[in-house]
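Peer 1: All I have is the shape, not the residue letters:
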């Protein structure tokens, strides 16, 4: 059985998120249909991140097992011939049996775009949050850095809908970097965050909080206190999905695994 890794870019505006749902257009469901036509097998595609309705991706990663003799390049070309233009397979490669797009991912990077001009270009409609009013971007940048490190993100995540489940969930997350990036050529700012893993709506809730800082309703020094309160009503609102992009994922270097295996075999001689 062969293991095929896909790197996928998509415009999520017209899809009900990643995860397949009966009767709804989803990224995973659309990929399933195309891959099954190509392989003539009842394959299952596993994704690294379950992006929500309206969220986009530049480098989503998925994988599936197949007995098809088609090469990875032929699979990539076949999928792109069948998929709608809003979904593109930017790379396909055969991996070892141990590769799993979700369970071995070591990090993810997200970006949230905020367009600052007075008139939103039509090409950015449903692809960026339009906020033309005054914002203290320096304070937002200072506040963004407060999210770096390991924290309890209860105040910055959506409820599961069950108090018992919320109580049992692990809300600790590690962020490697968190920053506001100015894009003067595009008249926008972007929140770029890289972390080990994320809770649902976590990035959108952080961005809503940073906008509250930009408005002067919160200060950068308020962020540690909001962490401590573990109360999502104290953070900013959840911003709309259209500005959010899954930029890419990080995985262990397969050469490291091969070197480690070779070293163990050598030591055992």
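Peer 2: On my side now, so go ahead. All figures in this text were calculated on a predicted structure; none of them were measured in a lab.

Peer 1: what stretches of the stretch 51-200 of the chain score poorly on pLDDT?
Peer 2: Low-confidence segments of the stretch 51-200 of the chain (pLDDT under 70): 160-168.

Peer 1: What segments of it are helices?
Peer 2: Across the stretch 51-200 of the chain, reading from the start of the chain, the helices by DSSP state H, counting those that start in this stretch fall at 72-82, 137-145, 163-168.

Peer 1: Deepest in the core, which of these is it.
Peer 2: With neighbours defined by mean count of other C-beta atoms under 10 Å, none of the helices of the stretch 51-200 of the chain is more surrounded on average than helix 137-145, at a mean of 19. To be clear about C-beta, it is placed using only N, CA and C from the backbone, and glycine gets the same treatment.

Peer 1: what about the strands in the stretch 51-200 of the chain?
Peer 2: Using DSSP state E, counting those that start in this stretch, the strands found in the stretch 51-200 of the chain span residues 56-66, 87-95, 107-115, 129-130, 149-152, 172-183, 188-195.

Peer 1: Adding mean neighbour count and distance to residue 232, write the ones you listed out as a markdown table.
Peer 2: Supplementary listing: the strands of the stretch 51-200 of the chain in a markdown table, determined by neighbours: other C-beta atoms under 10 Å; distance: least, C-beta to C-beta, whole Å:
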| stretch | mean neighbour count | distance to residue 232 |
| --- | --- | --- |
| strand 56-66 | 21 | 25 |
| strand 87-95 | 17 | 33 |
| strand 107-115 | 22 | 18 |
| strand 129-130 | 20 | 20 |
| strand 149-152 | 14 | 12 |
| strand 172-183 | 16 | 14 |
| strand 188-195 | 21 | 18 |
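
Peer 1: Out of those, which is closest to residue 30?
Peer 2: Taking C-beta to C-beta as the criterion, residue 30 comes closest to strand 87-95 out of the strands of the stretch 51-200 of the chain, the separation being 6.2 Å.

Peer 1: The closest one packs against which elements?
Peer 2: Other helices and strands packing on strand 87-95, by 3 or more C-beta pairs under 8 Å, 6 or more residues apart in numbering; DSSP states H and E, are strand 2-10, helix 27-39, helix 72-82.

Peer 1: for the ones you listed, which one sits closest to residue 116?
Peer 2: strand 2-10 (24.9 Å).

Peer 1: what's the angle between that closest one and helix 72-82?
Peer 2: With axes from the mean of the first three to the mean of the last three C-alpha atoms, to 10 degrees defining the directions, strand 2-10 sits at 40 degrees from helix 72-82.

Peer 1: Could you tell me the angle between strand 2-10 and strand 56-66?
Peer 2: 160 degrees.

Peer 1: if we can go back for a sec, turn the helices of the stretch 51-200 of the chain into CSV, columns for distance to residue 12.
Peer 2: Converted to CSV, the helices of the stretch 51-200 of the chain look like this (distance: least, C-beta to C-beta, whole Å):
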stretch, distance to residue 12
helix 72-82, 17
helix 137-145, 24
helix 163-168, 26
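
Peer 1: Any idea which of the ones you listed gets closest to residue 207?
Peer 2: Across the helices of the stretch 51-200 of the chain, the minimum distance to residue 207, taken as C-beta to C-beta, is reached by helix 137-145, at 9.4 Å.

Peer 1: closest one to residue 141 among the helices and strands packed on strand 87-95?
Peer 2: With distances scored as C-beta to C-beta, the stretch of those nearest to residue 141 is strand 2-10 (28.0 Å).
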